[in-house]
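Student: Using only what follows, build the 3D model:
(one chain, ligands or ions: 1)
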Amino acid sequence: MKNSIVMLGAPGAGKGTQAAVLVQQFHIPHISSGDMFRAIRKSDSELGRRVAAIMDSGALVPDELTIQIVQDRLSKPDCQTGFILDGFPRTQPQALALDEMLKNIGQAITVVPYLHVRSELLVERLSNRWTCNTCGSVYSLGPNDAKVCKKSDCLGTLYRRPDDEPATVTERVKVFEKNTSPLISYYSDRGLLRQIDGEQTVDQVTVALLAAIAKV
Ligand code: AMP
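Tutor: You can find the predicted model right below:
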């Protein structure tokens, strides 16, 4: 069966971590709008600088641009067998645009897992999140922990994403509550939402997630 999955959840809820597991399981592409914007911000261009400023403030990139880049990605042949969307949609106009673009390519969302984590825990998780600059592994570390990748074949240096700086983190969680949380009822009303306790261990969340997808 084809899996066309929309991962819903606040920043720090574990969408990216779980999406990586689903990629291994179902061999479908992981489409992260945040990763796409991180690639754009690296480019030495006016657009890159604009996107970087928006991301570092904790705000959302305008819908029009966001919808365009996701639409381009979803139209690629590798998405015909399904996909995992992570970080998109984040607003109601994006959700409506997603329905429209999927209709145009003869697809539909099969399930929307929603990873629920309390706001205070999200802020703590994001503030402690460190990413390896070599292999991309993500770690939760305290101020005194060594900022070196734990994988023995990597040992890359860890960095904090600019939008995980404490001042930006609180704003991102607020933006989720205001702009994205209405999508919970949007998908629930259509029978697609599966709420999962995102405060469990990574492995427990994976078990719950796979069970939710299997029941579709
Ligand atoms: P993420 O890695 O998903 O937390 O995204 C990082 C940042 O990229 C967000 O805080 C936004 O500034 C931007 N971004 C990612 N996805 C979207 C989206 N669907 N709509 C608007 N902005 C987005």
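
Student: And for Thr201, the neighbour number?
Tutor: Residues lying near Thr201 (other CB atoms under 10 Å) number 8. Backbone N, C-alpha and C define where each C-beta goes, glycine included.

Student: before we move on, what about the one 5 residues further on?
Tutor: The tally of other residues near Thr206 (other CB under 10 Å) stands at 18.

Student: That one belongs to a helix?
Tutor: Yes - checked against DSSP: H, G, I helix; E, B strand; the rest coil, Thr206 lies within a helix.

Student: now the helices: where do they sit in the protein?
Tutor: 15-26, 33-42, 46-57, 63-74, 92-104, 119-127, 166-175, 182-189, 202-214 (DSSP state H).

Student: Nearest approach to the ligand belongs to which of the ones you listed?
Tutor: The ligand lies closest, by CB to the nearest ligand atom, to one member of these: helix 33-42, at 2.1 Å.

Student: now that closest one, how far from the centre of its chain.
Tutor: Chain-centre distance of helix 33-42: 12 Å, with CA atoms, centre = their mean, to the nearest Å.

Student: Could you export the helices of the chain as JSON lines, including distance to Ser4 and mean pLDDT?
Tutor: Putting the helices of the chain into JSON lines (distance: least, CB to CB, whole Å; pLDDT from 0 to 100) gives the following:
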{"stretch": "helix 15-26", "distance to Ser4": "10", "mean pLDDT": "94"}
{"stretch": "helix 33-42", "distance to Ser4": "16", "mean pLDDT": "95"}
{"stretch": "helix 46-57", "distance to Ser4": "27", "mean pLDDT": "96"}
{"stretch": "helix 63-74", "distance to Ser4": "10", "mean pLDDT": "97"}
{"stretch": "helix 92-104", "distance to Ser4": "7", "mean pLDDT": "96"}
{"stretch": "helix 119-127", "distance to Ser4": "26", "mean pLDDT": "91"}
{"stretch": "helix 166-175", "distance to Ser4": "25", "mean pLDDT": "91"}
{"stretch": "helix 182-189", "distance to Ser4": "13", "mean pLDDT": "97"}
{"stretch": "helix 202-214", "distance to Ser4": "11", "mean pLDDT": "96"}
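
Student: Export those helices as CSV, with columns for distance to Gly9.
Tutor: Shown next, in CSV, are the helices of the chain (distance: least, CB to CB, whole Å):
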stretch, distance to Gly9
helix 15-26, 5
helix 33-42, 12
helix 46-57, 18
helix 63-74, 17
helix 92-104, 15
helix 119-127, 9
helix 166-175, 11
helix 182-189, 10
helix 202-214, 10
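
Student: Thought Thr91 was touching Leu60, still the case?
Tutor: Yes - Leu60 is in contact with Thr91 according to CB atoms under 8 Å; the separation is 6.8 Å.

Student: Done for today, thanks.
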